[in-house]
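Student: predicted model and sequence follow; I will ask about them next.
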Amino acid sequence: MFGSHKYSGGKRSLRTRLLINLSIFMAIIFSALWFVVAARTQKALYSALDEAVLARAESVAALLSYDPESGLLRMEKNERLMYEFRADEDDAFFQIRDASNGRICFLAPSMKSKEFRSEAMNKIARKKSKKKIYWNDVFGKENVRCLRWLTSPQKRQIPTGAPIFLFGECQIASSASLEIIVGIERENVDRNFQRIMAYSAGAFSLTFILVLFLTNLLLSYSLRSLSRLSKELNQIDKISSAISISEGDDRETRRVASAINALLERLAQSVEWERRMTSNVAHELRTPLAALRSTLEVALSRKRSDGEYQEAMQDSLSLVCQMQRLVENLLNLARLESEQSPIILESLNLTQMVKECLTGFQLQAQSKNIFIDLRTEDEVRLSIDKDKLRVILNNILDNAVEYTPSGGNILIQTRYKTENAAAEILVENSGDPLSDEELNNIFKRFHRQDTSRAAGVHFGIGLNLVHSLCDLLNIQISASSRPGVALSLYLNIPQMNSEKSL
């Protein structure tokens, strides 16, 4: 039954889903770390480059001197220390102009007399409040790092006669400020940055793959107990109480295995219950059906008198009624278990109902010479489900008449119990007392007091149905046995379902 169901493989395994989720999570984390590393690396590289650019700008400013008397701004030439003065150099430059009017004062020879202008520089030129601004730009065909520095020229008296290494001179106002723009190539910085990022991306990728590989191994090792459970469950082809699966070593697997074993036990009980029910119902129906067939065959074997035919019909009717009670009890149990049995309250006379139910068993009791002692103290009225109470009484009386030996007696008592305002019903039948085991199992389904009996209509459904209906109607029921009394059933109907007639 269970072995025929195989895993189709249409859905991902738990390990695969965990790996996918972990991969996504790790990819997000590693990507975030990579971007953080990239940002910090770029900041560190450009910080060092900016320091170099500023040092260049300060070197350029140190070559400037301003004579306030003549208003001349002169610049010395230092080709040995600053390669910007070389005409063949195209990866560094400087540009100095009067910030007040934008007039160019000095251009590096590497600029070949062409003023440096760019869209980025035009945006930066509008920011007058910041003295030092760094940005990336393009000089010729080179990517450069630029600095705009707003400063004042160093004022000092220039002696007569030009300096030996004079680069040039320019006339400016005494209150003018200078805009020094310096740029150096940044190709090496960008190349180093790209190299570092490539190495870090490779390192992160290898780490990512290694972590996934180790995680896969760890998951395979951790989930091996679940694989074992799945294998053991697939090998189950027949449910029985002896079936169980090993619980494993870890706590989580033991919990799952314990729950599965409990489920298997309940399934085994359910299967056993169905098997027993099928066997008992088939056995119990076979006997009355065989008796019914035999009675009809005998009646039809030859011509008989009206009295004989009537007797045969009465026997047949008795057998049909037995089978009908069996089917009705099974149907009532099915309705109770499916919770399709609503409670319909009606006001009734309990004493009168007991007498009506007892009428149906008078003939059977007389045939066994059973004395029925009916005791009623007063009229007791109830507000209860009439049909369900009738089923309870019929099954109790049927059980009492069936198991009372010939010549025995049955006590039936109804009364209104004043101390807790509850109605009581007591039914006792004489006979040998039951053992403790039989008394404990009296309300279990398919339990019969006399298992050696080969035929009959009592096969352990009636009292089980009585117990289930009592639970539904909130009626307390108890069973006892003592010498001389085979079974004593006591029903205590709660106050909400009882009312004493005036």
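Tutor: Sure thing, it's come through. Residues are numbered from 1 along each chain as shown.

Student: show the pLDDT at Ser4.
Tutor: On pLDDT, Ser4 comes in at 44.

Student: then Pro163?
Tutor: Here, the pLDDT recorded for Pro163 equals 49.

Student: the one 5 residues further on now?
Tutor: Looking at Gly168, its pLDDT reads 83.

Student: also Phe25?
Tutor: Reading off the model, Phe25 has pLDDT 90.

Student: Val37 versus that one, what's the distance?
Tutor: The spacing between Phe25 and Val37, counted by CB to CB, to the nearest Å, is 19 Å. Every C-beta, even on glycine, is put in place using the N, C-alpha and C of the backbone.

Student: Asn101 now?
Tutor: 46 Å.

Student: what about those two, which has more around it?
Tutor: A direct count of neighbours by other CB atoms under 10 Å for Asn101 and Val37 places Val37 higher, at 16 against 9.

Student: who is the nearest residue to Phe116 once chain neighbours are set aside paired with across the strands?
Tutor: With sequence-adjacent residues excluded and distances taken as CB to CB, 6 or more residues apart in numbering, Phe116 is closest to Gln95, at 5.1 Å. Beta-bridge pairing of Gln95 under DSSP bridges involves Leu107, Ile181.

Student: what number of residues lie near Gln95?
Tutor: 24.

Student: check Leu264 too.
Tutor: Residues lying near Leu264 (other CB under 10 Å) number 20.

Student: touching, it and Ile243? I think so.
Tutor: Yes - contact criterion CB atoms under 8 Å: Leu264 and Ile243 qualify, at 5.5 Å.

Student: quickly list what's touching both of those two.
Tutor: Shared contacts of Leu264 and Ile243 (CB atoms under 8 Å, 6 or more residues apart in numbering): Ile236.

Student: what's the weakest-modelled helix or strand in this structure?
Tutor: Lowest on mean pLDDT, DSSP states H and E among the helices and strands of the chain sits strand 498-500, with a mean of 46.

Student: and Ile133, what helix or strand is that in?
Tutor: strand 132-139 (DSSP states H and E).

Student: hmm, who's touching that strand?
Tutor: Strand 132-139 is contacted from outside by 46, 50, 53-54, 90-91, 93, 116, 118, 120-121, 124, 127, 143-150, 183, 185-186, using CB under 8 Å, 6+ apart.

Student: buried ones among these?
Tutor: 46, 53, 91, 93, 116, 121, 124, 144-150, 183, 185-186 (16 or more other CB atoms under 10 Å).

Student: in contact with Arg485, which residues?
Tutor: Careful, residue 485 is Val; it's not Arg. Here Val485 is in contact with 428-431, 433 (criterion: CB under 8 Å, 6+ apart).

Student: mind redoing it with 6 Å?
Tutor: Neighbouring residues of Val485 by CB atoms under 6 Å, 6 or more residues apart in numbering: Glu428.

Student: any idea how far it is from Ile442?
Tutor: 13 Å.

Student: break the protein into its domains for me.
Tutor: 65-186, 251-332, 342-500 (automatic domain parsing).

Student: and the ones you listed: which comes nearest Phe213?
Tutor: Nearest of these to Phe213, taken as CB to CB: domain 251-332 at 23.8 Å.

Student: which is the next helix or strand following the helix ranked longest in the chain?
Tutor: Assignment by DSSP state H gives helix 251-301 as the longest helix of the chain. Moving toward the C-terminus from helix 251-301, the next helix or strand (DSSP H and E) is helix 306-337.

Student: for that next one, packing partners?
Tutor: Here helix 306-337 touches helix 251-301, helix 462-472, going by 3 or more CB pairs under 6 Å, 6 or more residues apart in numbering; DSSP states H and E.

Student: can I get the ones you listed in TSV with distance to Leu218 and mean pLDDT?
Tutor: Below are the helices and strands packed on helix 306-337 laid out as TSV (distance: least, CB to CB, whole Å; pLDDT from 0 to 100):
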stretch	distance to Leu218	mean pLDDT
helix 251-301	15	76
helix 462-472	51	85
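
Student: ranking those by burial, who's on top?
Tutor: helix 462-472 (a mean of 20; mean count of other CB atoms under 10 Å).

Student: and the angle for it with helix 306-337?
Tutor: On the basis of axes from the mean of the first three to the mean of the last three CA atoms, to 10 degrees, helix 462-472 is oriented at 40 degrees to helix 306-337.

Student: send me helix 462-472 as PDB with only the CA atoms.
Tutor: Presented in PDB, the C-alpha positions along helix 462-472 are these (Å, rounded to 0.1, in the frame of the first residue of the first chain):
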ATOM      1  CA  GLY A 462     -23.900  -1.100  21.000                       C
ATOM      2  CA  LEU A 463     -22.200   0.000  24.300                       C
ATOM      3  CA  ASN A 464     -19.500   1.900  22.300                       C
ATOM      4  CA  LEU A 465     -22.300   3.800  20.600                       C
ATOM      5  CA  VAL A 466     -23.900   4.400  24.000                       C
ATOM      6  CA  HIS A 467     -20.700   5.800  25.400                       C
ATOM      7  CA  SER A 468     -20.200   8.100  22.400                       C
ATOM      8  CA  LEU A 469     -23.800   9.400  22.500                       C
ATOM      9  CA  CYS A 470     -23.400  10.100  26.300                       C
ATOM     10  CA  ASP A 471     -20.300  12.100  25.600                       C
ATOM     11  CA  LEU A 472     -22.200  14.100  23.000                       C
END
